[in-house]
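Participant: from the sequence below, what's the structure:
(chains A and B)
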Amino acid sequence: MPIVIEAKNVSKIFGKNPKQSIKLLDQGLSKEEILKETGNTVGVNRASFSVEQGEVFVIMGLSGSGKSTLVRMLNRLIEPTEGTILIDGEDLVAMDKQALRNVRRQKLSMVFQNFGLFPHRTILQNAEYGLEIQKVDKEKRQSKAKEALELVGLGGYMHQKPNQLSGGMQQRVGLARALANDPEVLLMDEAFSALDPLIRKEMQDELMDLQNKMQKTIIFITHDLDEALRIGDRIALMKDGSIVQIGTPEEILVNPENDYVEKFVEDVDRSKVLTAQHIMKRPETVNLDRHGPRVALERMREEGLSSIFVVDSKRNLKGYITADNASEARKSGIKDLKEILKNDIPTVEKETPMHDIFDLIYNSPIPVAVVDNEKLAGVIVRGAVIAALSSENEVNLHV
Amino acid sequence: MFNNVLDAVPNMPLAKWTDNATDWITESFSFLFDPVKEQFEKFMDVTSEALMGVPPLIIILVVAIIAFFISGKKVGLAAFSIVGLWLIYNQGLWDQLINTFTLVLLASILSVIIGVPIGILMSKSNIATAIITPILDFMQTMPAFVYLIPAVAFFGIGMVPGVFASLIFATPPTVRFTNLGIRQVSAELVEASEAFGSTGAQKLFKVELPMAKSTIMAGINQTVMLALSMVVIASMIGAPGLGRDVLSALQRAEAGAGFVAGIGIVILAIIMDRFTQSMNNRKEK
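Facilitator: Residues are numbered from 1 along each chain as shown, chains lettered A, B, ... in the order given. Alright, predicted model coming up:
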């Protein structure tokens, strides 16, 4: 996928004589030391990242970590003190006002934390604002705005004013206003943070649905790790103006690069992020076509199991047999495993979140089978689930 | 010894300098002042004569009807307008009322035309704010009488210097409130408008001014009230209207006549105040 936005060593210093503070940054002074020495605040410290087309890139950090400053430099609502920002290969920082306006009008749209809706305009007028200032004629811009409003499920509210709508609905308008421009990139600054938790989750789901349809590039700012893990394809974690780690949700969670990240992800509900493939083990199996009860019993004794999965030669999962049945079969001289085969196996896909496995594994007397196209990929035992939830344990990430 | 320190600089002829400056301005710019005065006087005469040409009953009814609708279809203001204006008519002060109204209206309109752009300038530039704020303070705290002197020098006597003095005295609230209103527009809305690629003018006219409107209207309301309060003072330099009656009553120590003319000003003030205020409130709904 082509890279849409690339930031190289982007810094922002607030205060007088910022260039000097940049030098101090290059000399390796910390944010506190620079504040002490010059009185300047380091907003963002040499941040570099690139975002691919169609990606949801989450910038996450606590308040004061510089994430809002960083996203505002991507459309130059805040001027970077130093660094390069490339949008489709063009240097945003070097652009004159007119060129910048064109980029803002055509390529970047922003969604704001407190919605940023114009209270004196109706919902429709809000949604068409971006097109209106481009002097698109009225009929065309209204039809596009209506389309966007319908996309977010607000077709029936066009002539209301923003303050007549609930928070969640207002943010839908914010989203519709951003989408009406048909931008390449959506900048979402804490877009769901002002909403209550249930509505927030609903909006996250909707955003993901929309994203599946539209494949925009989204840069999403949040202070909420759960949110970041839910919607992000990749996450950049910020601290004191610097990006401390960039990676997929799993990478961040499982291989934190330093103590800060580790501390940050400590309280995460790992069951929502980890999937079956992260906690499954290599399965012990017997082959339905080649093995009989004797081999099965032997295998179970070796591994200390009370049941074992049965596959065919193509590793398609066929069922399981228990130790009791196998030993009875041996006594009564049955040679074919098919006669004692049981089929009531609990199965999950490789991508099933761990969260959804709990009930299954609690109610099942045998391990849960993980299948990939009907083929047995692994097994999950109760112990593995508990181990994965404890952050102390290594999880085999690279399956 | 201490006196010596204070006397180190001899008495500065500040008053003389101001006189000289006034004279110089009067002479150098008479080419400007004279036609301005002439045109303006003509315009004001036409306006007040046109208003006087309308039968008072019709004006009273029109005012009452407008009052009824802008106050949200309540009878209070409409009834007050009818009774109040009738009382002024009854006291034989109708022509003075029209003159006063013309003066206030013109001074207010000019104040808004001048004040709003200056307020916008201040809201956009901290340097402009730093320069203009003390000037506004000066304009508002200097006793209003003082403005009459150069006004007479520039424009002679009559309505025009009255408008000029009112303008100086009444413009500051519009400027201040415009500045305040625009600066109070929430940062996120300004960002939103910028993030979508608005030009400076689009941001101003589509977001900032509409958002600041109620604050600006409050400033304009103040401006109208201040202009009205200048009416009495302006009559000292020959501006016609209710103020002249107050002034002559004062000179002849006629308490009754002074009171009646004063009541006329109060009635006009209340009506104009409620009108400008409800224009504001109505649009907010």
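Participant: tell me, how many neighbours does residue 74 end up with?
Facilitator: Answering for chain A, as no chain was given. By the measure other CB atoms under 10 Å in any protein chain shown, the count of residues near A:Leu74 is 22. Just so you know, the C-beta spots here come from the backbone N, C-alpha and C atoms, and that holds for glycine as well.
Participant: sorry, I should have been clearer: chain B.
Facilitator: Using other CB under 10 Å, B:Lys74 has 13 neighbouring residues.
Participant: near chain B, which residues of chain A?
Facilitator: Contact residues (CB under 8 Å from any CB of the partner chain) of chain A with chain B: A:72, A:75, A:77, A:101-106, A:108-110, A:112-114, A:116-120, A:129-130, A:132-134, A:177, A:181, A:187.
Participant: now the buried members of those.
Facilitator: Neighbour counting with 16 or more other CB atoms under 10 Å in any protein chain shown marks A:72, A:75, A:77, A:101, A:103-105, A:108-110, A:112-114, A:116-118, A:120, A:129-130, A:132-134, A:177, A:181, A:187 as buried within these.
Participant: so which of the residues you listed sit within strands?
Facilitator: Counting by DSSP state E, those place A:108-110, A:187 in strands.
Participant: helices of chain B, residue ranges please.
Facilitator: In chain B, the helices defined using DSSP state H lie at B:2-6, B:14-28, B:30-53, B:56-70, B:75-90, B:94-124, B:126-141, B:144-155, B:159-184, B:187-195, B:200-203, B:209-234, B:242-252, B:255-284.
Participant: tell me the most buried of those?
Facilitator: Of all those, helix B:159-184 carries the top mean neighbour count, a mean of 25, counting by mean count of other CB atoms under 10 Å in any protein chain shown.
Participant: let's see which of the buried ones among the residues of chain A next to chain B end up in helices.
Facilitator: Residues of these located in helices (DSSP H): A:72, A:101, A:103-105, A:129-130, A:132, A:177.
Participant: A:Glu302: which of the residues you listed is nearest?
Facilitator: For these, the closest approach to A:Glu302 (CB to CB) belongs to A:Arg72, at 62.0 Å.
Participant: show me what from the stretch 151-285 of chain B comes close to chain A.
Facilitator: Near chain A, when you scan the stretch 151-285 of chain B using CB under 8 Å from any CB, you find B:188-189, B:191-199, B:202, B:206-207, B:210-211, B:213.
Participant: number of nearby residues for residue 237?
Facilitator: You didn't say which chain, so I picked chain A. As a measure of burial, A:Leu237 has 27 neighbours, counting by other CB under 10 Å.
Participant: let me rephrase: I mean chain B.
Facilitator: A total of 22 residues lie near B:Ile237 under the criterion other CB under 10 Å.
Participant: contact partners for it?
Facilitator: Neighbour list for B:Ile237: B:148, B:151-152, B:157-158, B:161-162, B:165 [criterion: CB atoms under 8 Å, 6 or more residues apart in numbering or on different chains].
Participant: swap in 6 Å and give it another go.
Facilitator: Taking CB atoms under 6 Å, 6 or more residues apart in numbering or on different chains as the contact definition, B:Ile237 lies against B:148, B:152, B:157, B:161.
Participant: assess the claim that the second one and B:Phe164 are in contact.
Facilitator: It stands for B:Val152. No - using CB atoms under 6 Å, B:Val152 makes no contact with B:Phe164, being 9.4 Å away.
Participant: dump the ones in strands among the buried ones among the residues of chain A next to chain B into TSV; add pLDDT and distance to A:Glu250 as well.
Facilitator: Listed next are those as TSV, based on pLDDT from 0 to 100; distance: CB to CB, whole Å:
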residue	pLDDT	distance to A:Glu250
A:Leu108	91	29
A:Ser109	92	29
A:Met110	93	29
A:Leu187	94	25
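Participant: now A:Pro293: how far from chain B?
Facilitator: 71 Å (CB to the nearest CB, to the nearest Å).
Participant: likewise for A:Gly319?
Facilitator: Note on A:Gly319: its distance to chain B, by CB to the nearest CB, is 59 Å.
Participant: with A:Ile357 instead?
Facilitator: For A:Ile357 relative to chain B (CB to the nearest CB), the value is 42 Å.
Participant: quick revisit: okay, the ones in helices among the buried ones among the residues of chain A next to chain B in CSV with pLDDT next?
Facilitator: CSV is the format used below for these (pLDDT from 0 to 100):
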residue, pLDDT
A:Arg72, 93
A:Arg101, 92
A:Val103, 91
A:Arg104, 92
A:Arg105, 92
A:Tyr129, 93
A:Gly130, 91
A:Glu132, 92
A:Arg177, 93
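Participant: which among the residues you listed gets closest to A:Ser332?
Facilitator: Lowest distance from A:Ser332 to these (CB to CB) belongs to A:Arg177, with 74.4 Å.
Participant: contacting residues around the closest residue in space to the closest one that isn't next to it in sequence?
Facilitator: Leaving aside its sequence neighbours, A:Arg177 sits nearest to A:Ala127 (CB to CB, 6 or more residues apart in numbering or on different chains; 4.9 Å). If a contact means CB under 6 Å, 6+ apart, then A:Ala127 has A:145, A:148-149, A:176-177, A:180 as its contacts.
Participant: again, 7 Å this time
Facilitator: A:145, A:148-149, A:173, A:176-177, A:180 (CB atoms under 7 Å, 6 or more residues apart in numbering or on different chains).
Participant: okay, residue 154: pLDDT?
Facilitator: Since you didn't name a chain, this refers to chain A. Turning to A:Leu154, the model gives it a pLDDT of 86.
Participant: my question was about chain B, not that one.
Facilitator: pLDDT, B:Phe154: 84.
Participant: lowest-scoring secondary structure element of chain B by mean pLDDT?
Facilitator: Ranked by mean pLDDT, DSSP states H and E, the weakest helix or strand in chain B is helix B:2-6, scoring a mean of 75.
Participant: from chain B, how far out is the residue nearest the centre of chain A?
Facilitator: Residue closest to the average C-alpha location in chain A (CA atoms, centre = their mean): A:Gly232, at 2.0 Å. Using CB to the nearest CB, one obtains 22 Å as the distance from A:Gly232 to chain B.
Participant: show me the contacts for that residue.
Facilitator: Counting by CB under 7 Å, 6+ apart, A:Gly232 touches A:56, A:58, A:220, A:249.
Participant: if we use 10 Å, what do you get?
Facilitator: Counting by CB atoms under 10 Å, 6 or more residues apart in numbering or on different chains, A:Gly232 makes contact with A:55-60, A:218, A:220, A:222, A:225, A:247-249, A:252.
Participant: from chain B, how far out is the nearest residue to it once chain neighbours are set aside?
Facilitator: In this structure, A:Gly232 finds its nearest non-sequential neighbour in A:Val58, 3.5 Å apart by CB to CB, 6+ apart. Shown here: A:Val58 relative to chain B, a distance of 19 Å by CB to the nearest CB.
Participant: what of A:Leu74?
Facilitator: The value you get for A:Leu74 to chain B, if CB to the nearest CB is used, is 10 Å.
Participant: who's in contact with that residue?
Facilitator: Applying CB under 10 Å, 6+ apart to A:Leu74 gives the contacts A:5, A:7, A:10, A:51, A:59, A:80, A:85, A:87, A:92, A:108, A:110, A:185, A:187, A:219.
Participant: all good on my end, thank you.
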